[in-house]
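[1] need a 3D model of the sequence below.
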Amino acid sequence: MRNSGLAIGDAVPLCRDVLVGTELALRRAKSGDLVMVDLPHLVVRALRQLRGPNPGHFSRSGKRGR
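    Numbers count the residues shown, from 1 in each chain. Below is the predicted model of the structure:
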């Protein structure tokens, strides 16, 4: 979140397909604004190593909600 500027509501359900190379590209949930951020290689490597319950997402199932 520090390197991308994402809100927690956008970061937690993050899909793996929004990360292409070192670029993160997605639409913010609340505003619908397009966010495109070039992430440091260290952050990209750490994200790719995360394993959650759903292989298509970084941490959770990808469903919104508390």
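[2] could you find the residue nearest the spatial middle of this protein?
    Here the mean C-alpha position of the chain is nearest to the C-alpha of Leu14 (CA atoms, centre = their mean), at a distance of 3.8 Å.
[3] what sits closest to that one if chain neighbours are left out?
    Nearest-residue entry for Leu14: Phe58, 5.0 Å, with adjacent residues in sequence omitted and distances by CB to CB, 6 or more residues apart in numbering. All C-beta atoms are positioned from the backbone trio N, CA, C, and that covers glycine.
[4] how about the contacts made by the one you found?
    Contacts for Phe58 were tallied using CB atoms under 8 Å, 6 or more residues apart in numbering; they are Leu14, Cys15, Arg16, Leu47, Leu50, Gly52.
[5] distance of the residue lying closest to the fifth one once chain neighbours are set aside from Ala7?
    Looking back up the chat, that one is Leu50. Of all residues not flanking Leu50 in the chain, Phe58 sits nearest, at 4.9 Å (CB to CB, 6+ apart). With distances defined as CB to CB, to the nearest Å, the gap from Phe58 to Ala7 amounts to 15 Å.
[6] ok so, going back, now distance to Ala29, pLDDT and secondary structure too, for the contacts of Phe58, in TSV please.
    TSV is the format used below for the contacts of Phe58 (distance: CB to CB, whole Å; pLDDT from 0 to 100; DSSP: H, G, I helix; E, B strand; the rest coil):
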residue	distance to Ala29	pLDDT	secondary structure
Leu14	10	84	coil
Cys15	12	87	strand
Arg16	17	90	helix
Leu47	19	88	helix
Leu50	20	84	coil
Gly52	18	74	coil
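[7] could you identify the buried members of the residues you listed?
    Leu14, Leu47 (16 or more other CB atoms under 10 Å).
[8] Leu39: which of the contacts of Phe58 is nearest?
    Distance to Leu39, by CB to CB, is smallest for Leu47 among the contacts of Phe58, at 7.8 Å.
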